[in-house]
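In: My questions are about this predicted structure, shown below with the sequence.
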Amino acid sequence: MNKPDFDTLHPYVRQYSELGSGPVPVTPVVSPEYFERERETIFKKIWLNLGRVEDVPNPGDYVVRDIAVLKASIIVVRGDDGQVRAFHNVCRHRGNQLVQGSGNARGFACGFHGWTYDTQGQCVFVPDEEVFFNLDRGQSGLAPVRCETFAGFVFITVNPAAPPLAEYLGGFGQQIGDFPFHTMQRMHTLKADVNCNWKVFIDAFQESYHGRFVHRLTAAAAGCVEDDPYAHLTSVRLYGPHRSASVPFNPAYQPTPAEALSFKYAQSLWLHEGNSGAQRTPGTNPAGHPNWLFDINVCFPNFFVDVSNSWFFTYHFWPVAVDRTHWEYNFYMLPPANAGERISREYSKLYLRDLLREDLSTVESTQAGLNSGAIEHMILSDQEVAVRHQYKVVDDMVNGRWRG
């Protein structure tokens, strides 16, 4: 058998030649000084996803997001007028935080001195107001945070000069915008605090090179075939700072007995492009590959929304310190139509839980190895183009070279 030529084996270095092909420095994942520059030049400058509109479905519903990298606590609330807004979780009196967790409220009362705000952020009550000096409650509301939504996803930015959200998302938003996110229900949430840099953590989720090894006992056979044993990505797209990659499916894959039952009684929950009769869902498989499983979609800097024909899941990688990350995962599927689909839904939840445990099993040891100082660079293949793109974008932003 003839070996494939260079161009066949290295499609992305030609497609995205500006990324280069050299080794990538380790400094950005081990340097505290670099981390602080990321905080100032990235996280305090651009749009960040805080969840979905379904997190606050009714007037008065709120959820608090504590964001360590911003050194901020943010309230996302649906006002009595139905609009979703965001505010700093800080009383205008003396700075006390107002609320924690989530719930439904007519307003927010500070537990320190009783200053009270409505769900639109207006200050509506100040105890003993007369003893203050020309206090104007109309100018003493909660400090607003810019908040916009896209396809049901809620984004905020603390940068007043940031471009509109739709402009920031650009082609990335155009690719995923037609996906029917609103038709699916959240069925599973996982959270973890992990001892690794946020970029090292993300690296483990934006390439399929690891699948044959990390997932050898679970999912490897679903993507690896004889003439493609390392499940090469079928296509990659870069949209400014964002990226998208498509993961292949092995059409000869033989499901386990449990999977076979799941497919039999709930096929609508397990559609992939290779299934006979499968209909492509809008916002998926943009290259139209015949044996396609799902798309990895990375909204820079730290938000994934991966989509398949009948499900999607999200990851958030929240930096806490140079070697500490808070991770959140949410899995969404079509609502079950019968008992069989309900059982299949529960099976898929456990199956994905096990895959994620495998993914998380490597990142702390990777960080420990990088912290040792034994290597100064990482050596990346063409199939790790998404990893390379991430480091290029981050470094350009940190060093003032990014032009969008």
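Out: Nice, thanks for sending it over.

In: any idea of the mean pLDDT in whichever strand or helix holds residue 346?
Out: In this structure, residue 346 sits in helix 339-371 according to DSSP states H and E. What helix 339-371 shows for mean pLDDT is 84.

In: Which neighbouring elements make contact with it?
Out: helix 27-30, strand 185-194, helix 198-203, helix 211-214, helix 257-265, strand 324-333 (3 or more Cβ pairs under 8 Å, 6 or more residues apart in numbering; DSSP states H and E). Quick note: C-beta positions are derived from backbone N, CA and C, even for glycine.

In: redo that, cut-off 6 Å
Out: helix 27-30, helix 198-203, helix 257-265 (3 or more Cβ pairs under 6 Å, 6 or more residues apart in numbering; DSSP states H and E).

In: From the chain's centroid, how far away is that helix?
Out: Computed by Cα atoms, centre = their mean, to the nearest Å, the chain-centroid distance of helix 339-371 equals 16 Å.

In: tell me which residues of it are tucked away?
Out: Under the neighbour-count criterion of 16 or more other Cβ atoms under 10 Å, helix 339-371 has 340-341, 344-345, 347-348, 351-352, 356, 358-360, 362-363, 366-367, 370-371 buried.

In: And for stretch 377-395?
Out: 378, 380-395.

In: Could you report the neighbour count for the residue lying closest to residue 43 once chain neighbours are set aside?
Out: Excluding the flanking residues, the one nearest residue 43 by Cβ to Cβ, 6 or more residues apart in numbering is residue 69, at 4.6 Å. Using other Cβ atoms under 10 Å, residue 69 is surrounded by 21 other residues.

In: who touches residue 69 in this structure?
Out: Residue 69 sits next to 39, 43, 319 when contact means Cβ atoms under 6 Å, 6 or more residues apart in numbering.

In: Just checking, which helix or strand of the chain averages the lowest pLDDT?
Out: helix 220-223 (a mean of 49; mean pLDDT, DSSP states H and E).

In: got the angle between the helix holding residue 346 and strand 324-333?
Out: 160 degrees (axes from the mean of the first three to the mean of the last three Cα atoms, to 10 degrees).

In: Name the next helix or strand downstream of helix 339-371, please.
Out: strand 377-378.

In: Distance from that following strand to the middle of the chain?
Out: How far strand 377-378 lies from its chain's middle: 25 Å, per Cα atoms, centre = their mean.

In: Export the very next helix or strand once past it to CSV, keeping only CA atoms.
Out: Counting by DSSP H and E, the next helix or strand C-terminal to strand 377-378 is helix 385-398. The C-alpha atoms that make up helix 385-398 are tabulated as CSV, following Å, rounded to 0.1, in the frame of the first residue of the first chain:
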residue,chain,number,x,y,z
VAL,A,385,-4.5,22.4,14.4
ALA,A,386,-7.2,23.6,16.8
VAL,A,387,-4.7,23.4,19.7
ARG,A,388,-2.2,25.4,17.6
HIS,A,389,-4.9,28.0,16.7
GLN,A,390,-5.8,28.5,20.4
TYR,A,391,-2.2,29.3,21.4
LYS,A,392,-1.8,31.6,18.4
VAL,A,393,-4.9,33.6,19.2
VAL,A,394,-4.2,33.8,22.9
ASP,A,395,-0.6,35.0,22.4
ASP,A,396,-1.6,37.5,19.8
MET,A,397,-4.2,39.0,22.2
VAL,A,398,-1.8,39.0,25.1
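
In: if I look at the closest residue to residue 126 other than its chain neighbours, how far off is residue 104?
Out: Spatial nearest neighbour of residue 126, chain neighbours left out: residue 115 (5.5 Å); criterion: Cβ to Cβ, 6+ apart. From residue 115 across to residue 104, the span is 20 Å (Cβ to Cβ, to the nearest Å).
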